[in-house]
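*Asks:* Here is a sequence with its predicted model. Questions after.
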Amino acid sequence: MALICAAATTVVPASPAHADRIRNNQWHLRYLRVAEAHRISQGAGVTVAVIDTGVDPHPDLRNNLLKGTVTASGETGDGRQDFDSHGTGMAGLIAAHGRGHGNGALGIAPQAKILPIRYAKREGDSDPDDIAAGIEWAIANKANIISISVASTAAPSLAAAVKAALAADVLVVAGVGNAPGYFGVQFPAALDGVLAVGASDRDGNRAQVSVTGKKVAILAPGVDIYSTSINGKYRRGTGTSDSTAIVAGAAALVRSKYPELSAEEVIHRLTATAVDKGPPGHDEEYGYGVLDLVAALTADVPPLAPSPEP
């Protein structure tokens, strides 16, 4: 059984007043210096597959929303229907374009495209095989990045799908999972080659909800994160789901700015420029540190060392 990573979600009404205020409520944009990052890259030319509960064509997002698919067993569709709001929220964090004049929700990569893949109708409605099928479909349909804000169990199909993504140079970003429901990094984040994301709070410290473990690679804001929801509304979420989508957006900025980099090298750039927290170097709470979006786009990062021969 697979469970969505969100720890807490609140739906915010869709009134014009809320649309005007939503940008100010998106504190993570200021924390990550997104305005400065957007002068360098906005994710143009990058497609991010969002494997989730579907993506509703929210006014702040729909210009970047492609037709996708449904991999939930026994269901059909193009991925652009969301009964839960979780997937719409994740897509908005990645690529919402807002409504102009500073209104509405803004994503990390507002020129990237979203490829919606509905693996489940609601939280906990599916299994790893449906997630694996979503990964395979994303590869076949030319996604550059796959964002998975889902905590699942291990399965041969999931491991094989991730391996296929890596072989196709598709970057897979996944949430590590939330406490207290989980005690360690979940799948697919626990698989080799996946960029495993935890959540940080407003002060840049690990959020209590974020699980720990050796596979944690990077943290990003994941507390009181505002984004798009279904029926033109907005949502406020806390959990590693939100931080995962933010890092997927960051990866889109990097892939757009540096199209020659492999998926592995994009991960290296994101982790090498992260703000180190906790014990020096990689640790089980922070991984390599907290996302520094501007540094990821501007720093002089040495090339990734070649893997040793087996």
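*Replies:* Received, thanks. Numbering: from 1, shown residues only.
*Asks:* what sits against residue 33?
*Replies:* 293, 294 (C-beta atoms under 8 Å, 6 or more residues apart in numbering). For the C-beta atoms, the positions are set from N, CA and C on the backbone; glycine is no exception.
*Asks:* Please read the previous query as pertaining to residue 159.
*Replies:* residue 191.
*Asks:* Okay, now the unreliable bits of this structure?
*Replies:* Applying pLDDT under 70 to the chain flags the ranges 1-8, 11-19, 123-126, 307-310.
*Asks:* Which helix in it has the most residues?
*Replies:* If you go by DSSP state H, the chain has its longest helix at helix 240-257.
*Asks:* Next, the angle helix 240-257 makes with the very next helix or strand once past that helix.
*Replies:* Following helix 240-257 in sequence order, the next helix or strand is helix 263-272 (DSSP states H and E). Orientation check (axes from the mean of the first three to the mean of the last three C-alpha atoms, to 10 degrees): helix 263-272 against helix 240-257 gives 120 degrees.
*Asks:* And the next helix or strand past helix 263-272?
*Replies:* Assignment by DSSP H and E places the next element after helix 263-272 at helix 293-298.
*Asks:* Can you pull out the residues in contact with that following helix?
*Replies:* Contacts for helix 293-298 (C-beta under 8 Å, 6+ apart): 32-34, 36-37, 40-41, 108, 250, 253-254, 257, 269-270, 273.
*Asks:* Out of those residues, who's the most crowded?
*Replies:* With neighbours defined as other C-beta atoms under 10 Å, the most crowded of the contacts of helix 293-298 is residue 250; it has 32 neighbours.
*Asks:* In contact with it: list those residues for me.
*Replies:* Residue 250 neighbours (C-beta under 8 Å, 6+ apart): 32, 108, 109, 220, 270, 291, 293, 296.
*Asks:* could you redo the last one with a cut-off of 7 Å?
*Replies:* Counting by C-beta atoms under 7 Å, 6 or more residues apart in numbering, residue 250 touches 108, 270, 291, 293, 296.
*Asks:* Need the max-distance pair from those.
*Replies:* 108 and 270 (12.0 Å; C-beta to C-beta).
*Asks:* can you map out the helices along the chain?
*Replies:* So, for the chain - with DSSP H - the helices run 16-25, 27-31, 34-38, 86-95, 128-140, 156-167, 240-257, 263-272, 293-298.
*Asks:* Fine by me, thanks again.
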